[in-house]
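Peer 1: Attaching a predicted model along with its sequence, questions to come.
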Amino acid sequence: MAGGRAIDRHPKVFLLDEPLSKLDAKLRSQTRIALQKLHRQLETTFIYVTHDQVEAMTMGDRIAVLRDGTLQQVDTPGVLYDHPANIFVAGFIGTPTMNFLPATVEDHMLAGTGFQLKLEAPTRLGRVIAGLRPEALKPAVPSDESPMDMKVDVVEVMGSDQHVYGQIGEGSLTARLEPHFKVAPGDRLRLRADRDQLHLFDPETELAVN
């Protein structure tokens, strides 16, 4: 009702503050699609406030990520996902959330508790936080050098994929694998990391360094 009255006034900007927060999951998805169609029809600017990163990624042409009232990064959904400015943005965007692993870069080797990864051209030496999204981890093949050895704790089969949660060294790790890969709690799972999807962050400032 209120939305219809607002449209009738032909405003230059619509401000929507958590409009879907009280809807169930199915209705939220349907309404999200309806709002995107309405946005295209009206050709008017929508400012959409949400704590739901799925809503932000699917509905925003540009996203401004705020933390305690401070702007962290503003860009397109794709840039925020592929090139987060800091650990907060990297952890906010993406489901399951990005893995963050304390590590050290020496020469061309990234090393942490329970894993090593050879780097082509390291941009920083010393202590770092290594960031790997769950989909950047795949089952290792025999030819892979220094794969990650994960002890599987929980497997969530989602239908289109499965989320595997476990331990590597003293830290935790999440991998997003294809649905037909056979894995169960208690297994030891060897994983390889896609170097092209590796993110490095400064452990003091939490800013991206690559």
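Peer 2: Now that the structure is in, tell me what you want to look at.
Peer 1: Tell me where this structure has strands.
Peer 2: In the chain, strands defined by DSSP state E lie at 13-17, 45-49, 63-67, 70-75, 99-106, 109-112, 115-118, 126-132, 137-139, 148-157, 162-168, 171-177, 188-193, 198-201, listed in chain order.
Peer 1: Point out where this protein drops to low pLDDT.
Peer 2: Judged against pLDDT under 70, the low-scoring parts of the chain cover residues 1-9.
Peer 1: longest helix in it, by residue count?
Peer 2: Taking DSSP state H as the criterion, the chain has its longest helix at helix 25-42.
Peer 1: will you turn the strands of the chain into a markdown table that also has distance to D24 and mean neighbour count?
Peer 2: For the C-beta atoms, the positions are set from N, CA and C on the backbone; glycine is no exception. Converted to a markdown table, the strands of the chain look like this (distance: least, C-beta to C-beta, whole Å; neighbours: other C-beta atoms under 10 Å):
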| stretch | distance to D24 | mean neighbour count |
| --- | --- | --- |
| strand 13-17 | 18 | 12 |
| strand 45-49 | 19 | 14 |
| strand 63-67 | 24 | 16 |
| strand 70-75 | 30 | 14 |
| strand 99-106 | 30 | 18 |
| strand 109-112 | 41 | 17 |
| strand 115-118 | 40 | 18 |
| strand 126-132 | 33 | 19 |
| strand 137-139 | 32 | 19 |
| strand 148-157 | 21 | 16 |
| strand 162-168 | 22 | 19 |
| strand 171-177 | 25 | 20 |
| strand 188-193 | 35 | 18 |
| strand 198-201 | 34 | 20 |
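Peer 1: can you put those strands in JSON lines and add distance to P84?
Peer 2: Putting these into JSON lines (distance: least, C-beta to C-beta, whole Å) gives the following:
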{"stretch": "strand 13-17", "distance to P84": "25"}
{"stretch": "strand 45-49", "distance to P84": "20"}
{"stretch": "strand 63-67", "distance to P84": "9"}
{"stretch": "strand 70-75", "distance to P84": "7"}
{"stretch": "strand 99-106", "distance to P84": "11"}
{"stretch": "strand 109-112", "distance to P84": "18"}
{"stretch": "strand 115-118", "distance to P84": "19"}
{"stretch": "strand 126-132", "distance to P84": "8"}
{"stretch": "strand 137-139", "distance to P84": "18"}
{"stretch": "strand 148-157", "distance to P84": "22"}
{"stretch": "strand 162-168", "distance to P84": "20"}
{"stretch": "strand 171-177", "distance to P84": "17"}
{"stretch": "strand 188-193", "distance to P84": "17"}
{"stretch": "strand 198-201", "distance to P84": "7"}
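Peer 1: Among the ones you listed, single out whichever gets nearest to A56.
Peer 2: With C-beta to C-beta as the measure, strand 63-67 is the member of these nearest A56 (5.1 Å).
Peer 1: and the direction of the closest one versus that of strand 70-75, what angle?
Peer 2: If you take axes from the mean of the first three to the mean of the last three C-alpha atoms, to 10 degrees, strand 63-67 sits at 160 degrees to strand 70-75.
Peer 1: For strand 63-67, name the packing helices and strands.
Peer 2: Contact partners of strand 63-67 among helices and strands, from 3 or more C-beta pairs under 8 Å, 6 or more residues apart in numbering; DSSP states H and E: strand 70-75, helix 77-82, helix 87-92.
Peer 1: All good on my end, thank you.
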